[in-house]
Each structure stands twice: as C-alpha cells, then as structure tokens.
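In: what follows is a protein structure lacking sequence information:
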C-alpha cells in the first residue's frame with residue numbers, strides 16, 4: 001500500500017510496491033508548479049495523474065494513482081494548495097511498470 005503525507009514545506013507520496021520503499025510518486029515543495037504530474041487533494045484523498053508523454057516523448061498515455069484516505073476539513077484548510085503540478089523522472093515510470101534498473 002502507498003502512503004502520503006503533507007508538511008509545511010512539501011507533499012510526499014510513496015508508490016505502493018514492496019520492492020522499492022524509496023520510490024516516490026511525488027516528493028516536492030508546495031510552490032512547485034511545473035511538470036507532467038498533477039496532484040489533487042480532496043477530502044477523500046490524493047489523486048496523482050501523470051501525462052506520460054510529458055515525462056518522455058517516447059511514452060504515451062497516462063498513469064493515475066488514487067490514494068484513498070479521509071482528509072479532515074481542518075487539514076485541507078491549512079494546506080498551501082489542493083492542486084499542484086510536479087516533475088516526474090522517466091525512471092519512476094519504468095519502476096512503476098516493474099522494470100528493474102540495470103546494475
């Protein structure tokens with residue numbers, strides 16, 4: 001299972017995989033607003049939507065991750081934003097698809 005967290009400085013979400021506990025779906029500052037990934041936070045959780053062609057022109061389609069967890073209204077009100085764009089590295093897409101990096 002993946003998890004997400006908010007701090008005053010950043011938003012972080014782990015990718016739900018057992019093989020790589022350091023794989024992050026998103027890990028960026030709140031003022032980041034550029035890239036092919038979009039994070040949307042609502043009272044029902046976090047949705048990450050990635051336009052894959054924006055990650056690498058060789059990719060096509062989208063990747064959507066839905067983290068379902070009730071977020072209280074008082075937490076939502078304190079967040080600096082409820083929608084933000086963020087960069088995504090091609091290695092994330094490969095790892096999310098189960099491709100192991102060469103050693």
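Out: Yes, it's here. The shown structure was predicted, so the numbers you read here are calculated from the model rather than taken from an experiment.
In: which strand or helix spans residue 49?
Out: Using DSSP states H and E, residue 49 maps to strand 45-51.
In: what's that strand packed up against?
Out: strand 37-42, strand 62-68 (3 or more C-beta pairs under 8 Å, 6 or more residues apart in numbering; DSSP states H and E). Heads up, the C-betas are built off the backbone N, CA and C, glycines and all.
In: in the chain, which spans are strands?
Out: 4-6, 10-14, 24-29, 37-42, 45-51, 62-68, 83-86 (DSSP state E).
In: a markdown table for those strands, including mean neighbour count?
Out: Supplementary listing: the strands of the chain in a markdown table, determined by neighbours: other C-beta atoms under 10 Å:
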| stretch | mean neighbour count |
| --- | --- |
| strand 4-6 | 16 |
| strand 10-14 | 18 |
| strand 24-29 | 19 |
| strand 37-42 | 18 |
| strand 45-51 | 19 |
| strand 62-68 | 14 |
| strand 83-86 | 17 |
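In: of those strands, which approaches residue 92 most closely?
Out: With C-beta to C-beta, the closest approach to residue 92 among the strands of the chain belongs to strand 24-29: 7.6 Å.
In: how far away from the center of its chain is that closest one?
Out: Strand 24-29 has its C-alpha centroid displaced from the chain centroid by 6 Å (C-alpha atoms, centre = their mean, to the nearest Å).
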